[in-house]
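Peer 1: Predicted model follows, preceded by the sequence.
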Amino acid sequence: MEQSTAESRPAGERDFDLWIEAGRAEKNYWSDLWRYRELLVILAWRDIAVRYKQTVAGAAWALLQPFISMLIMTLVFGRLAGLPSVGSAPYAIMVFAALLPWQFFANALTNASQSLVGNANMISKVYFPRVIVPTASVAVSLVDFVLSFAILAGLMAWYQFLPSWRLLTLPVFVLLAIFASLGPGLLITALTVRYRDFRFIVPFLVQFGMFASPVAYSTDIVRAKIGETWFLVYSLNPLVGVIEGFRWAILGGDAKFFTTGSLLSLLVAAIFFVVGLSYFRRTERSFADII
Amino acid sequence: MSARTAIRVENLSKRYFLGSGPSRHGGLRHLIEDSVRSVFHRQPKPAASSEKNEFWAVRDVSFDVQQGEVVGIIGRNGAGKSTLLKMLSRITEPTEGRIGIKGRVASLLEVGTGFHPELTGRENIFLNGAILGMNQAEIRSKFDEIVEFAEISRFLDTPVKRYSSGMYVRLAFAVAAHLEPEILIVDEVLAVGDAQFQRKCLGKMQDVSMQQGRTVLFVSHAMHSVRALCKTGILLNQGRVETLGPVADVIAAYSHQSPLGIARGVIASNRALGLSLVSTSLHQEDVEGTLVVSATFQLDQPLSNAGLGIHVETLEGFELCDLRPETTGLNFGDRIGELSVEFALPGLAHRLGAGTYRLALSFHETNWRRCLERTPIGEFVVPVLDVYASGYPPKCEKDGPVALPVKLIGVR
């Protein structure tokens, strides 16, 4: 070992696999991400394994929550307020088709925003691509999401509702929902590391978002009430497009998807994804210093 | 030669900002206030205010490490050792300078990072392994070895929250010891666990470096393990390289750094109680190792039944005593304003093995509630004294820290 001097320095970049330097965009970021893919799976598995320890109802909570939400919304909006459903679909199924992606989005956002702060110890002691932590928490929400499909199947059996061929396209919309949740999830996660205010903003955002998204009611009602122009403003909510997609695939028949509103909404989701990911990558280098 | 260089560090520096400048750690409100302010006043806030709070944890550090070399990094608390390791392990980014690395790096800055108390030993092996960068196939192939090394086979399916701290540390180290990187970075993790396990870990690390030709960077306060493991060393002092070279020279330079000291300024404080420790000094008086300690506190609010706690530990972090004020009688009744305390620990060489120890103080009030957590004051040296009149004075490193009185009663 020796003190390296200025003379010995031009040894060349190529002698080393990795240069660590301020502000250098790491060219191995994506290959690292691939190398750590098992960590993503195992972190998601850990959160699932731990979550229902010392609860009585256990994993049933994953089903109970959306089921009760669906009951309440159907009662309040369908029965009491007497709002129309989409075409001939039962109100409960219409609500649930939207609750699926909405609950997924809300859980993903909430879990992701807490994920880095919750794993602060790991962040300050070990290197791995930080994006794995919020992504793993989105994956945890995905498991709940998949479980809730059991309720959808139950509802369809109860109402003897036969889905059309469009149900086969559902996986595409599931991918869309993941995509639409990751963007805001990454953005909120990175912001929470620096500004803990977002711990308080997120629950509020989720509560407000549920009413601002067409979950308990159909988009047709919104369009009829506020007119086409304002409906485009309403569609800036990235969840509008995802929910429309789910309804189109699940309800079949009269549900509409390929409208300007839905497409605008998906465009916003894409922008969120790009902004979220780039903001996360820009700030993740300093996470260990500020967490 | 450069073909065999595993790590090259060039003019590496890391700056931190002390305290929380607005919009650094603070809430969103500061950010909004700042951005609103900057809209109205087009000039940026004066940079001078932030320069005052800046602190270079590591400054202009350069060195090369060859493949297969085991390097000990030593220095006092706050010398920049951990920051250097964090930059080498890519946890935090350098402010200036750069590091070149050849080969796969694994860093072990803490044992059991990511361990989840609710999960079983078996589950935690997989979790911790993945966090340290092993893949599942690798962990599965080493699983039996890990369990055997940790000596926990009976408790494999028990949640680790029911483990004793010793079992926990053994399991955690066992996982880490089976990493197979080309470069291993280790921070003071051997300071935990019992002596027997520590020896086992040292042995394992020696195997790793010598037989498998791996490069190891090793931070420790335990000079005997640095001496045992490393051929070369780096001594850091206030973020800079002070000495670099053969490990014996570096350890000698470290022990020549004056162990005693005087500190001024707010050393520690409890804002809620208006209590701060404003100055301390340590000095040694005689050949028997008497240590005289003085500490001055500022009490902005009245405190009832104030008292001082004394903690002594070895450099490895082994706690010798945690004396409470009710035990020692170091309590001063109800106080406000400045409180200066001077006390002595007489004849330490009669009680402790020769070596260097750390002293910390804590402050207590009514009902012995600790209102200032233990604050390190400094290190002191217990001189060599032949207390057993055997010609072999007890040494901390060889005989352990406590020199119990021994009296022969009879032999038959």
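Peer 2: On my side now, so go ahead.
Peer 1: Spit out the contact partners of the residue in chain B that chain A sits nearest to.
Peer 2: As assessed by C-beta to the nearest C-beta, chain A sits closest to residue B:100 within chain B, at 3.4 Å. No exception for glycine: its C-beta is placed from N, CA and C like everyone else's. Going by C-beta atoms under 8 Å, 6 or more residues apart in numbering or on different chains, residue B:100 touches A:13, A:15-16, A:18-20, B:5, B:7-8, B:10.
Peer 1: Tell me where the stretch 151-300 of chain B has helices.
Peer 2: Remark: helices assigned in the stretch 151-300 of chain B by DSSP state H, counting those that start in this stretch are B:165-177, B:195-206, B:223-229, B:247-256.
Peer 1: Most tightly packed of those helices?
Peer 2: Neighbour counts (mean count of other C-beta atoms under 10 Å in any protein chain shown) averaged over each of the helices of the stretch 151-300 of chain B peak at helix B:165-177, with a mean of 22.
Peer 1: and that helix, what other elements does it pack with?
Peer 2: In terms of contacts (3 or more C-beta pairs under 8 Å, 6 or more residues apart in numbering or on different chains; DSSP states H and E), helix B:165-177 is packed against helix B:121-131, helix B:136-150, helix B:195-206.
Peer 1: possible to save these as JSON lines with mean pLDDT and distance to residue A:225?
Peer 2: As requested, those are exported to JSON lines (pLDDT from 0 to 100; distance: least, C-beta to C-beta, whole Å):
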{"stretch": "helix B:121-131", "mean pLDDT": "91", "distance to residue A:225": "51"}
{"stretch": "helix B:136-150", "mean pLDDT": "91", "distance to residue A:225": "54"}
{"stretch": "helix B:195-206", "mean pLDDT": "71", "distance to residue A:225": "70"}
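Peer 1: okay, the ones you listed in CSV with distance to chain A next?
Peer 2: Listed next are these as CSV, based on distance: least, C-beta to the nearest C-beta, whole Å:
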stretch, distance to chain A
helix B:121-131, 4
helix B:136-150, 6
helix B:195-206, 18
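Peer 1: returning to what we had before: now that we have the contacts of residue B:100, which of them are buried?
Peer 2: With burial judged by 16 or more other C-beta atoms under 10 Å in any protein chain shown, the buried subset of the contacts of residue B:100 is A:16, A:18, A:20, B:5, B:7-8, B:10.
Peer 1: Turn those into a markdown table, including secondary structure, pLDDT and distance to residue A:174.
Peer 2: Listed next are the buried ones among the contacts of residue B:100 as a markdown table, based on DSSP: H, G, I helix; E, B strand; the rest coil; pLDDT from 0 to 100; distance: C-beta to C-beta, whole Å:
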| residue | secondary structure | pLDDT | distance to residue A:174 |
| --- | --- | --- | --- |
| A:16 | coil | 82 | 43 |
| A:18 | strand | 82 | 37 |
| A:20 | strand | 84 | 38 |
| B:5 | strand | 88 | 49 |
| B:7 | strand | 92 | 45 |
| B:8 | strand | 93 | 48 |
| B:10 | strand | 92 | 48 |
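Peer 1: Identify the farthest-apart pair in the residues you listed.
Peer 2: Using C-beta to C-beta, the pair of these lying farthest apart is A:20 and B:5, separated by 14.8 Å.
Peer 1: Could you pull up phi and psi at the closest residue to the residue of chain B closest to chain A other than its chain neighbours?
Peer 2: Of all residues not flanking residue B:100 in the chain, residue A:16 sits nearest, at 3.4 Å (C-beta to C-beta, 6 or more residues apart in numbering or on different chains). In terms of degrees, to the nearest 10, the main-chain angles of residue A:16 are phi -120, psi 150.
Peer 1: List the residues that contact residue A:16.
Peer 2: B:5, B:8, B:100-102.
Peer 1: so which two of these are the farthest from each other?
Peer 2: Greatest spatial distance among the contacts of residue A:16 (C-beta to C-beta): B:5 and B:101, at 9.9 Å.
Peer 1: how much space between the closest residue to chain B within chain A and residue B:74?
Peer 2: Ranked by C-beta to the nearest C-beta, the top residue of chain A for proximity to chain B is residue A:16, at 3.4 Å. Going from residue A:16 to residue B:74 by C-beta to C-beta, to the nearest Å gives 26 Å.
Peer 1: The helix or strand where the residue of chain B closest to chain A lies: what's the following helix or strand?
Peer 2: When elements are assigned from DSSP states H and E, residue B:100 belongs to strand B:96-101. Counting by DSSP H and E, the next helix or strand C-terminal to strand B:96-101 is strand B:105-108.
Peer 1: show me where pLDDT drops low in chain B?
Peer 2: B:1-3, B:18-52, B:77, B:189-196, B:198, B:221-222, B:224, B:255-265, B:285-286, B:367-368 (pLDDT under 70).
Peer 1: Provide a list of residues in contact with the residue nearest in space to the middle of chain A.
Peer 2: In chain A, the C-alpha nearest the mean C-alpha coordinate belongs to residue A:181, at 2.4 Å (C-alpha atoms, centre = their mean). Shown in contact with residue A:181 (C-beta under 8 Å, 6+ apart): A:104-105, A:108-109, A:138, A:141.
Peer 1: make it 6 Å
Peer 2: Contact partners of residue A:181, counting by C-beta atoms under 6 Å, 6 or more residues apart in numbering or on different chains, are A:105, A:108, A:138.
Peer 1: Spatially nearest residue to it, not counting backbone neighbours?
Peer 2: Leaving aside its sequence neighbours, residue A:181 sits nearest to residue A:108 (C-beta to C-beta, 6+ apart; 4.0 Å).
Peer 1: Doesn't the one you found belong to a helix?
Peer 2: Yes - assigned with DSSP: H, G, I helix; E, B strand; the rest coil, residue A:108 falls within a helix.
Peer 1: Any idea how many residues pack against it?
Peer 2: Per other C-beta atoms under 10 Å in any protein chain shown, the neighbour tally for residue A:108 reads 28.
Peer 1: thought it was touching residue A:184?
Peer 2: No - shown here, residue A:108 and residue A:184 do not form a contact pair, counting by C-beta atoms under 6 Å, at 8.5 Å.
Peer 1: I'd like to know which residues of the stretch 51-200 of chain A are adjacent to chain B.
Peer 2: A:53, A:122, A:125-127, A:195, A:197 (C-beta under 6 Å from any C-beta of the partner chain).
Peer 1: do that again at 7 Å, thanks
Peer 2: A:53, A:121-122, A:124-127, A:195, A:197 (C-beta under 7 Å from any C-beta of the partner chain).
Peer 1: residues near residue B:329, how many?
Peer 2: Residue B:329: 7 neighbours (other C-beta under 10 Å).
Peer 1: related to what we said a few turns ago, which SS state does the residue nearest to the centre of chain A fall under?
Peer 2: Of the three states, residue A:181 takes helix under three-state DSSP.
Peer 1: Dump the helices and strands packed on helix B:165-177 to CSV, plus distance to residue B:373.
Peer 2: Below are the helices and strands packed on helix B:165-177 laid out as CSV (distance: least, C-beta to C-beta, whole Å):
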stretch, distance to residue B:373
helix B:121-131, 29
helix B:136-150, 32
helix B:195-206, 27
